[in-house]
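Enquirer: Pasted the sequence and its predicted model underneath.
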Amino acid sequence: VQLVESGGGLVQPGESLRLSCAASGFSFSDYVMTWYRQAPGKVRELVAGITRVSGSTYYADSVKGRFTISRDNAKNTVYLQMNSLKPEDTAMYYCSRLTTPFISTIPGDYWGNGTMVTVSS
């Protein structure tokens, strides 16, 4: 199993980024996928999740209306479109696959190495 995040970078407040997570080594469409983030000195938090086929989604209150999670099962990839970025969105962003058939806060069993997002003027 491998999860590889990309798309992070340094942006100014109000700008956008699109993160990607390329999955391999497992049947991607069989798993709920999530994006987490961890800011310096803070605990890792669930940002967004998406179910296997129906595409039902979950968002943390702090990103609702600004972030959009999506998946392309044909490409084994999950995305996180981040708009109207704020300095408080600065964090390492990780994708993870869940072992539950629904979106939950139970930590996933596999994680990528993360991609850093820095929002600063």
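Expert: Received, thanks.
Enquirer: Would you enumerate the residues in contact with the spatially most central residue of the chain?
Expert: Most central in the chain under C-alpha atoms, centre = their mean is residue 35, positioned 2.4 Å from the mean C-alpha point. Going by C-beta atoms under 8 Å, 6 or more residues apart in numbering, residue 35 touches 19, 21, 46-49, 69, 78, 80, 93-96. Every C-beta, even on glycine, is put in place using the N, C-alpha and C of the backbone.
Enquirer: can we see that at 6 Å?
Expert: With contact set as C-beta atoms under 6 Å, 6 or more residues apart in numbering, residue 35 has these partners: 47-48, 80, 95.
Enquirer: do the same with residue 99
Expert: residue 109.
Enquirer: one more time with 7 Å
Expert: 108-109 (C-beta atoms under 7 Å, 6 or more residues apart in numbering).
Enquirer: Residue 71 now?
Expert: 33, 50, 77-78.
Enquirer: Also residue 86?
Expert: Residues near residue 86 by C-beta under 7 Å, 6+ apart: 13, 119.
Enquirer: And the pLDDT for it?
Expert: With respect to pLDDT, residue 86 has a value of 98.
Enquirer: for the one 10 residues further on, same thing?
Expert: The per-residue pLDDT reported for residue 96 equals 96.
Enquirer: What of residue 106?
Expert: Residue 106 is given a pLDDT of 87.
Enquirer: What distance do you get for it to residue 47?
Expert: 15 Å (C-beta to C-beta, to the nearest Å).
Enquirer: More neighbours: which of the two?
Expert: More crowded of residue 106 and residue 47, by other C-beta atoms under 10 Å: residue 47, with 24 against 11.
Enquirer: What about the contacts of residue 35, which one has the most neighbours?
Expert: Going by other C-beta under 10 Å, residue 95 tops the contacts of residue 35 with 29 neighbours.
Enquirer: Check which helix or strand the residue nearest to the centre of the chain maps to.
Expert: strand 33-38 (DSSP states H and E).
Enquirer: Tell me the buried residues in that strand?
Expert: If you call a residue buried by 16 or more other C-beta atoms under 10 Å, then strand 33-38 has these buried ones: 33-37.
Enquirer: State the pLDDT value of residue 112.
Expert: Looking at residue 112, its pLDDT reads 94.
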